[in-house]
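J.: Provide a 3D model corresponding to the input given below.
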Amino acid sequence: MIVLLAFLCDFDIFFSKYAIDHNHRMLITHSIIPGVIIIILGIIINWIPLIIGGISYCVHVIIDTFDWGTNFFYFQKKQIGFKLLITEEEFNNLSEQISQFKNPGSFFDNKYYGNFRCIMIEILIFIIMVLSITFFAFRYLLIIVIYFIFLSFHLYRHFKLKKIESS
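T.: This next block holds a predicted model:
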C-alpha cells in the first residue's frame with residue numbers, strides 16, 4: 001500500500017488533457033492535498049500503513065517540485081518548485097514551447113529523459129530502494145517488481161511520445 005500510494009499521483013497523466021497546458025502536475029492529484037487527506041484518514045482510523053502511505057504520497061509531490069514544479073497547494077493554480085529542468089523563459093512561454101511538439105506531453109518528456117542528472121538520480125534512488133529493502137525489509141524484496149511495472153509504464157509512454165514526434 002505504501003509503494004502504491006507513492007506512485008498513485010502519477011496516474012493523473014491519463015487526465016492531463018484537462019490540465020492547464022496539458023501538464024498533469026497542475027491537477028489536484030499533484031498537490032499536497034490528497035497526501036494530507038490520506039494521512040488524516042490514517043490517523044482517524046489508526047492505521048500506520050495508511051499514514052506512511054500518505055507520507056510517501058507527499059514525498060513524491062515534494063520531489064516533483066524539483067524538476068519543473070507542481071501545483072503544490074492547488075487552489076492558487078500556480079506551479080511551485082525549483083524548476084531545475086525548465087528555464088524561466090521556457091516557463092513563461094510554456095504554451096509556445098509546447099506548441100512546437102505534436103503531443104503536448106512530449107515537451108516535458110524530452111526535458112526529463114534528455115537530462116543526464118535526472119536519469120542518474122532515478123538510478124541512485126533505485127539503488128537506495130533495493131539496498132533499503134534488502135537490509136531493512138528483506139521479506140518485501142518482491143516490491144521491486146512493482147517498481148519495474150511503474151517504470152515500464154513511464155518508458156512505454158516515453159517511447160510512444162518519441163515515435164509520435166518522429167513520425
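
J.: and the longest helix for this protein?
T.: For the chain, the longest helix by residue count, based on DSSP state H, is helix 143-166.

J.: Can you tell me what sits against it?
T.: Applying CB atoms under 8 Å, 6 or more residues apart in numbering, the contact partners of helix 143-166 are 3-4, 7, 10, 13, 101-103, 105-106, 109-110, 113, 126, 129-130, 133. Bear in mind the C-beta positions are built from the backbone N, C-alpha and C, glycine included.

J.: if you set the cut-off to 10 Å instead, what comes out?
T.: Identification of contacts with helix 143-166 by CB atoms under 10 Å, 6 or more residues apart in numbering yields 2-4, 6-7, 10-11, 13, 100-110, 112-113, 122, 125-126, 129-130, 133-134, 137, 140.

J.: Quick one, which of these are buried?
T.: Buried residues within the contacts of helix 143-166, defined by neighbour count using 16 or more other CB atoms under 10 Å: 2-3, 6-7, 10, 13, 101, 104-110, 112-113, 133.

J.: Quick one: mark the members of those residues that sit in strands.
T.: Secondary structure assignment by DSSP state E places none of the buried ones among the contacts of helix 143-166 in strands.

J.: Can you tell me which of the residues you listed end up in helices?
T.: Under the assignment DSSP H, the buried ones among the contacts of helix 143-166 contribute 2-3, 6-7, 105-110, 112-113, 133 to helices.

J.: now, which of the residues you listed sits nearest residue 53?
T.: residue 2 (4.7 Å; CB to CB).

J.: For stretch 148-161, what is the distance to the chain centroid?
T.: 13 Å (CA atoms, centre = their mean, to the nearest Å).
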